[in-house]
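# Sequence and predicted structure are below.
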Amino acid sequence: MIKVSIIGATGYAGAELVKLLLQHPKVTLTHVTSESHQGLALSEVYPHLFGLTNLILESLQNLPTIANDSDFIFIALPHGHAMKVGLALQDTPVRIIDLGADYRFNDTTIYETWYHVPHTHPNAPSVYGLAELNREAIKTAKIIGNAGCYTTASILALAPLIQHKLIDTNSIIIDAKSGTSGAGRSPKQDTHYPEFYDAFKAYGVATHRHTPEIEQALSDLNGAPLLINFTPHLVPMSRGILATAYATLHAKVTDDDVTKTFETMYGKEPFVRLRGEGAYPNTKYVRGSNFIDLGWHIDPRTHRVIVLSAIDNLVKGAAGQAIQNLNIACGYEETTGLQLVPMYP
Ligand SMILES: NC(=O)C1=CN([C@@H]2O[C@H](COP(=O)(O)OP(=O)(O)OC[C@H]3O[C@@H](n4cnc5c(N)ncnc54)[C@H](OP(=O)(O)O)[C@@H]3O)[C@@H](O)[C@H]2O)C=CC1
Ligand SMILES: CC(=O)N[C@@H](CCC(=O)OP(=O)(O)O)C(=O)O
């Protein structure tokens, strides 16, 4: 058994981590933190956890004690805060999995440009936490920068096509739609019921902070920098992301070539479900699970490939992915604690 703690357990991502970690057979959850609810039982803040845990929310000021009592610390704070925790723990043996963006970038100046905050922990011993692409590095990393939600759906949709050089990398467009839990638990006008219910809108056009994260991962696979257009949308549902990625196929690339690249790259991946050519992944078929479902279509008129991917933003897009990374970092079977059948309907 290993001991793990969660910094920021009262957010949606933190609460999803609690739920999954309580069911993990090789983990004991030892500490959970919140600044605004310290001293309260976690189950008072989240009644769905009533009777399942007696943990009391502590302040982050207890970090030295928490670190002494943890092998791993998950951080589920808004961006800009995790790097303070990472710095404070740099000389301790505790390993960190950050669900936010602070440790996702190789070049912290890119983070500073898109997130508009100074990066106070450059050159950190961190790796990008997207298991399907970076498993070896995750095994021994001190800090794992868990991949983001839209980014996971987008990167995994396009990775095989880029790695196998089937598409024109100047032609990539990603259109993604998210449920409102992606915006976190704090009330905001955009996620206020009368604003989002029975409505559907784009936001962050050409400016969304997931753009450089997708570009970083796809450029690494491409072996040269590439740029994309990424447009997120808010959908009136609580969880789920559906991403639709478009790219022009190189001349002479066939349907079979496309299918083979997906099978070659993901054939043995436990959480990537290849629904196949012509399939329509749906957020409802992955809800509550760590799966990413992929389907692809080829338009013979435009010679474009259109890849559809569906994830649960709080599971494969956050807490499930973080536990997948924990399993890799601990040498456990990657599916430990994550054999989650999607909730349907
Ligand atoms: N929601 C999602 O789908 C996903 C979220 N993420 C990432 O996970 C992280 C958390 O997101 P999410 O759970 O949605 O956010 P929430 O807004 O739901 O929760 C934020 C958490 O951070 C704590 N917090 C807020 N401000 C501070 C502060 N100044 N100092 C210390 N603690 C603070 C809150 O604790 P309290 O107010 O109780 O003190 C709460 O526990 C973010 O970095 C986000 O980008 C990643 C992928 C998907
Ligand atoms: C619907 C919604 O608002 N989504 C958030 C992204 C989710 C998130 O928390 O971002 P990370 O995955 O980078 O951690 C947004 O657009 O900012």
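Now that the structure is in, tell me what you want to look at. Numbers count the residues shown, from 1 in each chain. Ligands and ions are numbered 1, 2, ... in the order given.
# Tell me the helices and strands packed up against the helix of greatest length in the chain.
Determined from DSSP state H, the single longest helix within the chain is helix 149-163. With contacts taken as 3 or more C-beta pairs under 8 Å, 6 or more residues apart in numbering; DSSP states H and E, helix 149-163 sits against helix 131-140, strand 173-178, helix 210-222, strand 229-234, strand 241-248, helix 255-266, strand 292-299, strand 304-311. Any C-beta I mention is one placed from the backbone N, CA and C, and that applies to glycine too.
# what comes up buried for that helix?
Under the neighbour-count criterion of 16 or more other C-beta atoms under 10 Å, helix 149-163 has 149-163 buried.
# what helix or strand is the nearest residue to Thr120 once chain neighbours are set aside on?
For Thr120, ignoring the flanking residues on the chain, the nearest one in space by C-beta to C-beta, 6 or more residues apart in numbering is Met83 at 5.3 Å. Met83 belongs to helix 82-88 when assigned by DSSP states H and E.
# Name the residue of the stretch 151-300 of the chain that lies nearest to ligand 1.
Taking C-beta to the nearest ligand atom, ligand 1 has its nearest neighbour within the stretch 151-300 of the chain at Gly184, 2.8 Å off.
# about what we covered before: avg pLDDT for the longest helix of the chain?
Averaging pLDDT along helix 149-163 yields 98.
# That one near ligand 1 at all?
Yes: Helix 149-163 lies within reach of ligand 1 by C-beta under 6 Å from any ligand atom, at Cys149.
# ditto for stretch 39-52
No: judged by C-beta under 6 Å from any ligand atom, stretch 39-52 makes no contact with ligand 1; its nearest approach is 7.5 Å.
# ok, now stretch 1-16?
Yes: counting by C-beta under 6 Å from any ligand atom, ligand 1 has neighbours in stretch 1-16: Gly8, Thr10, Gly11, Tyr12, Ala13, Gly14.
# As TSV, those with pLDDT, secondary structure and neighbour count would be great.
Shown next, in TSV, are these (pLDDT from 0 to 100; DSSP: H, G, I helix; E, B strand; the rest coil; neighbours: other C-beta atoms under 10 Å):
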residue	pLDDT	secondary structure	neighbour count
Gly8	98	coil	24
Thr10	98	coil	22
Gly11	98	coil	21
Tyr12	98	helix	22
Ala13	98	helix	27
Gly14	98	helix	26
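# So which elements touch the next helix or strand after the helix holding Met83?
Of the helices and strands lying after helix 82-88 in sequence (DSSP H and E), the nearest is strand 95-98. Counting contacts by 3+ C-beta pairs under 8 Å, 6+ apart, strand 95-98 is packed against strand 72-75, helix 82-88, strand 143-146, helix 320-330.
# Deepest-packed of the ones you listed, please.
Across those, averaging neighbours per residue (mean count of other C-beta atoms under 10 Å) puts strand 143-146 on top, at a mean of 28.
# wait, which of the residues of stretch 1-16 next to ligand 1 is closest to Gly276?
Ala13 (30.9 Å; C-beta to C-beta).
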